[in-house]
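> compute the structure for the input listed below.
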Amino acid sequence: MKSRFIHTAMRISQRSLSIGFLVIVSASYTLLSVGSRLLSEGFQPMTQVYMRVALATFALLLLFRKKIRWKTIRSMPRSDALIILTMGTIGYSIGVYFITLGALNAKLVNVAIIFASVPFFSYAYSFFFLKKPLDLKLTGLLILSLIGISIVATKSFTPRFAEFGIGEIFTLIATATMAWFFVGRKMLSRHLNTHEITITVMGVAAMSGLILALLRGETFSLTAFTNPHVLLGLAIGGFMNALVNPIEIYAFEHLDAVFGSQILLLENVFALLFGYLIYREMVTIPEIIGGLIVVGSVYFANRRIQ
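Numbers count the residues shown, from 1 in each chain. All right, here's what the predicted structure looks like:
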């Protein structure tokens, strides 16, 4: 009887902890956008991307050092190496670059709303690359979410492409590219464990970000580190990138995938709250209606996809 009570208590504790972790993850996504704005005072977009990803990679290397098998990484199949290369470049460094541009040019809540549509892009890639069957209801929800995104991006109930905000366009590109990260993860073999995949993908993201920054002619200024806002932004970016992955993995190990996905929609609430408290960002009626359409369609899509 006593052991049964202890087992039940542990399950409740793990569930409560997992829910709390996903709430932290939801807030962290918005804080990363805040960090991007702070870092922009000293560094150009791609430079700040590879800096904070590299910092997070180093932190995770220390955290996961006993769980990483370097010989296994070096002997990974070529197919896995190619997927990890695309996950790190397209799905991570390029995706984070565009989400950074989105955060610099759009309201935090608009960035969060548009990025919530990631499951639809993941579904589309799964249809083409994983040969998943066509789901007409999901396709309908996808179209509905795109209508909501159009309303949010144009701040009008009669949206036209010419009226799309540049920040919202950047965020939509980020959503499309970062969705490849999740689909690529499903295409990998079991040669590497989760920690090894995380480290290799982030390492590729940091290196590709550095190369892309050099190709774009971005400069690195040491004087930027004298700016306290830049230091705070770097701390937020590095810490949040290192924090989110392990606690999100833990949470989804102890929660139903559908329930966990719905908790992550709280990002929209945090984005609205932080946007108002920090930047005094106000939302219009069309943005509210469009946001509800997107979040609602994603909510029902998550239940169907899982």
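> show me what counts as buried in the strand or helix carrying I19.
Assigned by DSSP states H and E, I19 belongs to helix 2-39. Along helix 2-39, these residues count as buried under the neighbour rule (16 or more other Cβ atoms under 10 Å): 18-19, 21-39. C-beta: built from backbone N, CA, C; applies to glycine.
> and stretch 81-98, by the same measure?
In stretch 81-98, counting by 16+ other Cβ under 10 Å, buried: 83-84, 86-98.
> next SSE downstream of the helix or strand of the chain with the lowest mean pLDDT?
The helix or strand of the chain with the lowest confidence, counting by mean pLDDT, DSSP states H and E, is helix 257-263 at a mean of 74. The helix or strand immediately downstream of helix 257-263 is helix 267-279, counting by DSSP H and E.
> next secondary structure after that next one?
Using DSSP H and E, the helix or strand that follows helix 267-279 in sequence is helix 285-305.
> what lies in contact with that next one?
With Cβ atoms under 8 Å, 6 or more residues apart in numbering as the test, helix 285-305 has contacts from 107, 109-110, 113-114, 116-117, 119-120, 122-123, 135, 137-138, 141-142, 144-145, 147-157, 258, 261-262, 265, 268, 283.
> hmm, back to that, any idea how far whatever helix or strand comes next after the helix holding I19 is from the chain center?
Using DSSP H and E, the helix or strand that follows helix 2-39 towards the C-terminus is helix 45-63. Here helix 45-63 is found 15 Å from its chain centre; the criterion is Cα atoms, centre = their mean, to the nearest Å.
> now the angle between helix 2-39 and helix 45-63, please.
Orientation check (axes from the mean of the first three to the mean of the last three Cα atoms, to 10 degrees): helix 45-63 against helix 2-39 gives 150 degrees.
> and whichever helix or strand comes after helix 45-63, C-alpha only, in CSV?
Per DSSP H and E, the first helix or strand lying C-terminal to helix 45-63 is helix 70-74. Output of helix 70-74 as CSV, limited to C-alpha atoms (Å, rounded to 0.1, in the frame of the first residue of the first chain):
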residue,chain,number,x,y,z
TRP,A,70,32.3,10.7,-30.1
LYS,A,71,33.2,7.5,-31.9
THR,A,72,29.5,6.9,-32.7
ILE,A,73,29.2,10.4,-34.0
ARG,A,74,32.2,10.0,-36.3
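> what helices or strands is helix 70-74 leaning on?
With contacts taken as 3 or more Cβ pairs under 8 Å, 6 or more residues apart in numbering; DSSP states H and E, helix 70-74 sits against helix 194-215.
> mind saving the C-alpha coords of the helix it packs on as PDB?
C-alpha atoms of helix 194-215 as PDB (Å, rounded to 0.1, in the frame of the first residue of the first chain):
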ATOM      1  CA  THR A 194      19.000  12.300 -28.500                       C
ATOM      2  CA  HIS A 195      21.900  14.200 -26.800                       C
ATOM      3  CA  GLU A 196      24.300  13.400 -29.700                       C
ATOM      4  CA  ILE A 197      21.700  14.600 -32.200                       C
ATOM      5  CA  THR A 198      21.200  17.800 -30.200                       C
ATOM      6  CA  ILE A 199      25.000  18.600 -30.000                       C
ATOM      7  CA  THR A 200      25.800  17.800 -33.600                       C
ATOM      8  CA  VAL A 201      22.800  19.800 -35.000                       C
ATOM      9  CA  MET A 202      23.700  22.800 -32.800                       C
ATOM     10  CA  GLY A 203      27.300  22.500 -33.700                       C
ATOM     11  CA  VAL A 204      26.500  22.500 -37.400                       C
ATOM     12  CA  ALA A 205      24.100  25.500 -36.800                       C
ATOM     13  CA  ALA A 206      26.900  27.500 -35.100                       C
ATOM     14  CA  MET A 207      29.400  26.800 -37.800                       C
ATOM     15  CA  SER A 208      27.000  27.400 -40.700                       C
ATOM     16  CA  GLY A 209      25.800  30.600 -39.000                       C
ATOM     17  CA  LEU A 210      29.500  31.800 -38.800                       C
ATOM     18  CA  ILE A 211      30.000  31.000 -42.500                       C
ATOM     19  CA  LEU A 212      26.800  32.800 -43.500                       C
ATOM     20  CA  ALA A 213      27.700  35.800 -41.400                       C
ATOM     21  CA  LEU A 214      31.100  36.000 -43.100                       C
ATOM     22  CA  LEU A 215      29.500  35.700 -46.600                       C
END
